[in-house]
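Trainee: Sequence first, predicted coordinates after that:
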Amino acid sequence: MTYFKKLVGEKVYLSPVTSRDATLYCQWLNNLEVARNLVIFNKQITEEWERMILDDIQKNGGQMFAIIDRTREKLIGNCSLFRINKDHRKCEIGIFIGEPENWGKGYGTEAMKLLVDYGFNILNMHNILLEVHSFNQRAISCYKKVGFREIGRRREALFFAGRSWDEILMDIIATEFESPYINQFFPDA
């Protein structure tokens, strides 16, 4: 598979997503270890459904990217900006790394920094929001490293594995984010 270097970091780069990867996404999203951290954890994902979702996000103005490990040139996950509101300069963000052996290696943090940078400095967003389950401490730690702050909780809003969990809302605004990447292109900015 050929990927294109749209946003490049040290460990990963982000490439436009393609529905040709739907089979691999379907495999990951049906793995409960991966899916439990996503809003679709209780869904059965078919390849047809995944292709439709990938196409739909692109058609409706979402910005979805494949996360590619630079060393191996291998697809390891995806991330996206969605519910983009250009009038109010706000959007939502999401990410997942598909294989547990790639967790905890900094891929997600770097991909989030690239995508947040893109949201603020290319799409001209001012506020980027995300939602995370309270049991997903690894993700919460990642988001805090990027600069996201908790802004609220929807208490006991998720029932999973025999108990209730909070949904945590986190956001970041443009003035709180220092771009590690944009200076590559505009060193005098």
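Mentor: Yes, it's here. Computed from a predicted model, the values in this text were never measured in an experiment.
Trainee: now the helices for the chain?
Mentor: With DSSP state H as the criterion, the chain has helices at 22-29, 32-35, 47-59, 107-121, 137-146.
Trainee: Which residue lies nearest the spatial centre of the protein?
Mentor: With distances taken as Cα atoms, centre = their mean, the residue of the chain nearest its centroid is Ile95 (2.1 Å).
Trainee: what pairs with that residue across the strands?
Mentor: Cys79 (DSSP bridges).
Trainee: hang on, isn't it packed against Phe82?
Mentor: No: with contact defined as Cβ atoms under 8 Å, Ile95 does not count as touching Phe82 (11.5 Å). Where C-beta positions appear, they are placed from N, C-alpha and C, glycine not excepted.
Trainee: before we move on, back to that, winner for burial among the helices of the chain?
Mentor: helix 107-121 (a mean of 23; mean count of other Cβ atoms under 10 Å).
Trainee: Next, the angle from it to helix 137-146.
Mentor: Per axes from the mean of the first three to the mean of the last three Cα atoms, to 10 degrees, the angle that helix 107-121 makes with helix 137-146 is 40 degrees.
Trainee: Show residues contacting helix 107-121.
Mentor: Outside helix 107-121, the residues within contact range by Cβ atoms under 8 Å, 6 or more residues apart in numbering are 7-14, 63, 65, 67, 69, 76-77, 79-81, 91, 93, 95, 97, 125-126, 128, 139, 142-143, 145-147, 172, 174, 177, 179-182.
Trainee: Extract the C-alpha trace of that helix and format it as PDB.
Mentor: The C-alpha trace of helix 107-121 is given here as PDB (Å, rounded to 0.1, in the frame of the first residue of the first chain):
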ATOM      1  CA  TYR A 107       3.000   7.000  18.500                       C
ATOM      2  CA  GLY A 108      -0.400   8.300  19.700                       C
ATOM      3  CA  THR A 109       1.000  11.400  21.400                       C
ATOM      4  CA  GLU A 110       3.000  12.400  18.300                       C
ATOM      5  CA  ALA A 111       0.000  11.700  16.000                       C
ATOM      6  CA  MET A 112      -2.200  13.900  18.200                       C
ATOM      7  CA  LYS A 113       0.400  16.700  18.200                       C
ATOM      8  CA  LEU A 114       0.500  16.600  14.400                       C
ATOM      9  CA  LEU A 115      -3.300  16.600  14.100                       C
ATOM     10  CA  VAL A 116      -3.800  19.400  16.700                       C
ATOM     11  CA  ASP A 117      -1.200  21.400  14.900                       C
ATOM     12  CA  TYR A 118      -3.000  20.800  11.600                       C
ATOM     13  CA  GLY A 119      -6.300  21.800  13.200                       C
ATOM     14  CA  PHE A 120      -5.000  25.100  14.600                       C
ATOM     15  CA  ASN A 121      -2.500  26.100  11.900                       C
END
